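A.B. asks: I would like the atomic coordinates for the input below:
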Amino acid sequence: MRLPTLPFEPSAVHAAFVALGTLAAVLVFVWEARRRRTLDDRLIMVLSGALFCGAVAAKLSTAWRYIAAAPDPSLLGALLYGGKSVLGGLAGAYLGAVVTKRLIGYRESTGDVFAPAVALGIGIGRFGCLLTEAPGRPTGLSWGVVVDAAQSSRLAGVPAAWIGVPLHPSFLYEIAFHFAMFGVLLRLRHRIDLWGELFKVYLLAYGVFRFAVEYTRANEVVWAGLTRSQLFLIPSVLLLAGRLAWLYRRPPLPPALEVADV
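C.D. replies: Purely as a prediction, here's the structure:
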């Protein structure tokens, strides 16, 4: 299998799919909020805070690459020319939603509205990664993606030794995961025992999946056979699992005393 060669700059292709994914996520968010009859100005402020902080965090979490390569690095340069990280973006969006809710005094849970929207948005955005970055590590599987010399000059992070060698289509794995999670989350939203916890369920599922799929990605191994993403995911997944376990084992509180999480 070969990747298509598009007659556009890779940065433009990537940006277009990120914009398309963001638009899809916003539309699903609004649709779900309307279905739940929770859409108002304050919820739009929470969405705006999540989008802004997610975009900034996605950039800053990979700023070290820009700093190492730029002759005269700056914060503006990191935001304009640095890379992006989905994990950094998710962490930033989560924090942005929490902080915005605290600032405006919004106490309702928003995670159930965010979860399916984020899953669909990332799934669409990953097509941009598929078409502009190294697909993955070498594989002997029949569905491996072959990158030729001409394509390698347009794709970021393809070592010369991997040219012409079947590679894992790791971004296709992620696309399939996020689209599947979008469907699963739409079904789980009707379960009363998961009310307010869908976003945590999604983050935990993605954390476990992403840790596993990193072994097929072309990311740099930095310590003990693990990538930076995996080192970030180990404590993150443990904290999420512990948080969900605590939520399900704690005594139920009266609705007025519940503190809503994103």
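A.B. asks: report the distance from the strand or helix carrying L23 to the chain centre.
C.D. replies: When elements are assigned from DSSP states H and E, L23 belongs to helix 10-36. Remark: helix 10-36 is offset 12 Å from the chain centroid, using Cα atoms, centre = their mean, to the nearest Å.
A.B. asks: quick one: mean pLDDT over it.
C.D. replies: Averaging pLDDT along helix 10-36 yields 92.
A.B. asks: now for that helix, which elements pack on it?
C.D. replies: helix 41-60, helix 111-132 (3 or more Cβ pairs under 8 Å, 6 or more residues apart in numbering; DSSP states H and E). Every C-beta, even on glycine, is put in place using the N, C-alpha and C of the backbone.
A.B. asks: change it to 6 Å
C.D. replies: Secondary-structure packing of helix 10-36 (3 or more Cβ pairs under 6 Å, 6 or more residues apart in numbering; DSSP states H and E): helix 111-132.
A.B. asks: got the contact list for F17?
C.D. replies: Counting by Cβ atoms under 6 Å, 6 or more residues apart in numbering, F17 touches 125, 127-128.
A.B. asks: swap in L240?
C.D. replies: 203-204.
A.B. asks: coming back round to it: buried only: go through the contacts of F17 for me.
C.D. replies: Buried by 16 or more other Cβ atoms under 10 Å: 125, 127-128, out of the contacts of F17.
A.B. asks: tabulate these (JSON lines), appending distance to A33 and pLDDT.
C.D. replies: Shown next, in JSON lines, are these (distance: Cβ to Cβ, whole Å; pLDDT from 0 to 100):
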{"residue": "G125", "distance to A33": "21", "pLDDT": "94"}
{"residue": "F127", "distance to A33": "26", "pLDDT": "94"}
{"residue": "G128", "distance to A33": "26", "pLDDT": "91"}
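A.B. asks: return the closest of the residues you listed with respect to L203.
C.D. replies: G125 (16.6 Å; Cβ to Cβ).
A.B. asks: ok, that closest one touching V18?
C.D. replies: Yes: using Cβ atoms under 6 Å, G125 is in contact with V18, at 4.8 Å.
A.B. asks: spatially nearest residue to the spatially most central residue of the chain, not counting backbone neighbours?
C.D. replies: Nearest residue to the geometric centre of the chain (Cα atoms, centre = their mean): V86, 3.7 Å. Leaving aside its sequence neighbours, V86 sits nearest to I122 (Cβ to Cβ, 6 or more residues apart in numbering; 6.2 Å).
A.B. asks: count the neighbours of the one you found for me.
C.D. replies: 27 (other Cβ atoms under 10 Å).
A.B. asks: now L231
C.D. replies: 15.
A.B. asks: measure it to F127 for me?
C.D. replies: Distance, L231 to F127, by Cβ to Cβ, to the nearest Å: 27 Å.
A.B. asks: do the same with V46
C.D. replies: 27 Å.
A.B. asks: repeat for A160
C.D. replies: 26 Å.
A.B. asks: could you do V222 as well?
C.D. replies: 27 Å.
A.B. asks: tell me where this structure has helices.
C.D. replies: In the chain, the segments counted as helices under DSSP state H are 10-36, 41-60, 63-69, 75-81, 86-104, 111-132, 149-152, 170-188, 198-213, 228-249.
A.B. asks: buried ones in the last one?
C.D. replies: Spelled out, it's helix 228-249. Applying 16+ other Cβ under 10 Å to helix 228-249 flags 228-230, 232-233, 236-237, 240, 244 as buried.
A.B. asks: if anything else comes up later, I'll come back, but that's it for now.
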